[in-house]
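K.L.:
got a sequence here, can you build the structure:
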Amino acid sequence: MGIDRIWAPWRLEYILGAKKPQGCPFCELPKEEPSEENLLLYKDDDIFVVLNRFPYNPNHLLVLPRVHLGKPEEIPPAIWAKVSRALPLCLEIVREAVQPQGFNMGMNIGAIGGAGLPDHLHWHIVPRWAGDTNFMPILAETKAVPVHNRSVWQALRPRFLDFGKKLAETE
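P.N.:
This is a model prediction of the structure:
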């Protein structure tokens, strides 16, 4: 029996990179145009959607307000409403694109609550399939992600081209 290899080349960026980024990457990201490199799928003046650079599972999305806030109660009502309309649209896109059998969706609030960037709120949308979790995360603290984020971005980006229009239709 041979050794199984886990191919996750994007993890090297995390391993070798600075552990404490200067400034807030979530504030800087929407200043750029969507690309395979930045994994940005959609942006407008209020919110944006991006693939998680270090995903728990393939097609792991983040939905964020552009405003830099760390507490949900600080989010302006209009932004809260827009995020609330964006989340089900994102679920629909991922559901159509990759047919997951379920989802985990939510946010981690504060460092103790598990937020890696606790000062900029963001919602996670993580598609799930039967058998996508095995012994690796428990015994080896390793998660195998079987597809590269760039391939995921290429598959999802066309589905986000009319996202703004769909979002406006839900108002």
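
K.L.:
count of residues packed around the closest residue to residue 127 other than its chain neighbours?
P.N.:
Counting by C-beta to C-beta, 6 or more residues apart in numbering, residue 127 lies nearest to residue 100, which is 3.4 Å off, once chain neighbours are set aside. Where you see a C-beta, it was placed from the backbone N, CA and C, and this is true even at glycine. A count of neighbours around residue 100, defined by other C-beta atoms under 10 Å, yields 19.

K.L.:
quick check, residue 100 in contact with residue 93.
P.N.:
No: using C-beta atoms under 8 Å, residue 100 is not in contact with residue 93; the gap is 11.4 Å.

K.L.:
who are the packing partners of the longest helix seen in the chain?
P.N.:
Counting by DSSP state H, the longest helix found in the chain is helix 77-98. With contacts defined as 3 or more C-beta pairs under 8 Å, 6 or more residues apart in numbering; DSSP states H and E, helix 77-98 has these neighbours: strand 47-51, strand 61-65, strand 102-106, strand 123-128, helix 149-156, helix 163-169.

K.L.:
using TSV, lay out the ones you listed together with distance to residue 34.
P.N.:
Shown next, in TSV, are those (distance: least, C-beta to C-beta, whole Å):
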stretch	distance to residue 34
strand 47-51	9
strand 61-65	13
strand 102-106	22
strand 123-128	17
helix 149-156	8
helix 163-169	11
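
K.L.:
any chance of the ones you listed in TSV, with mean neighbour count, distance to residue 112 and mean pLDDT too?
P.N.:
What follows is the helices and strands packed on helix 77-98, written out as TSV (neighbours: other C-beta atoms under 10 Å; distance: least, C-beta to C-beta, whole Å; pLDDT from 0 to 100):
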stretch	mean neighbour count	distance to residue 112	mean pLDDT
strand 47-51	22	24	98
strand 61-65	25	20	97
strand 102-106	14	15	95
strand 123-128	20	17	95
helix 149-156	17	28	92
helix 163-169	13	33	95
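
K.L.:
quick one: which of the ones you listed is nearest residue 31?
P.N.:
strand 47-51 (10.2 Å; C-beta to C-beta).

K.L.:
what residues does that closest one touch?
P.N.:
29-30, 38-43, 59-66, 79, 82-83, 86, 90, 149, 152-153, 156, 160, 163 (C-beta atoms under 8 Å, 6 or more residues apart in numbering).

K.L.:
C-alpha coordinates for stretch 111-130, CSV please?
P.N.:
C-alpha atoms of stretch 111-130 as CSV (Å, rounded to 0.1, in the frame of the first residue of the first chain):
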residue,chain,number,x,y,z
ALA,A,111,-11.0,35.8,18.5
ILE,A,112,-12.3,33.5,21.2
GLY,A,113,-15.3,32.7,19.0
GLY,A,114,-12.9,31.5,16.3
ALA,A,115,-12.7,34.5,14.0
GLY,A,116,-9.3,34.7,12.3
LEU,A,117,-9.9,38.3,11.5
PRO,A,118,-12.1,39.4,14.4
ASP,A,119,-12.3,43.1,13.6
HIS,A,120,-14.0,42.6,10.2
LEU,A,121,-17.2,40.5,10.3
HIS,A,122,-17.8,37.9,7.7
TRP,A,123,-20.2,35.0,7.0
HIS,A,124,-18.9,31.6,6.0
ILE,A,125,-20.8,29.4,3.5
VAL,A,126,-19.3,25.9,3.5
PRO,A,127,-20.8,23.3,1.2
ARG,A,128,-20.8,19.7,2.6
TRP,A,129,-20.9,16.2,1.2
ALA,A,130,-21.3,12.8,2.8
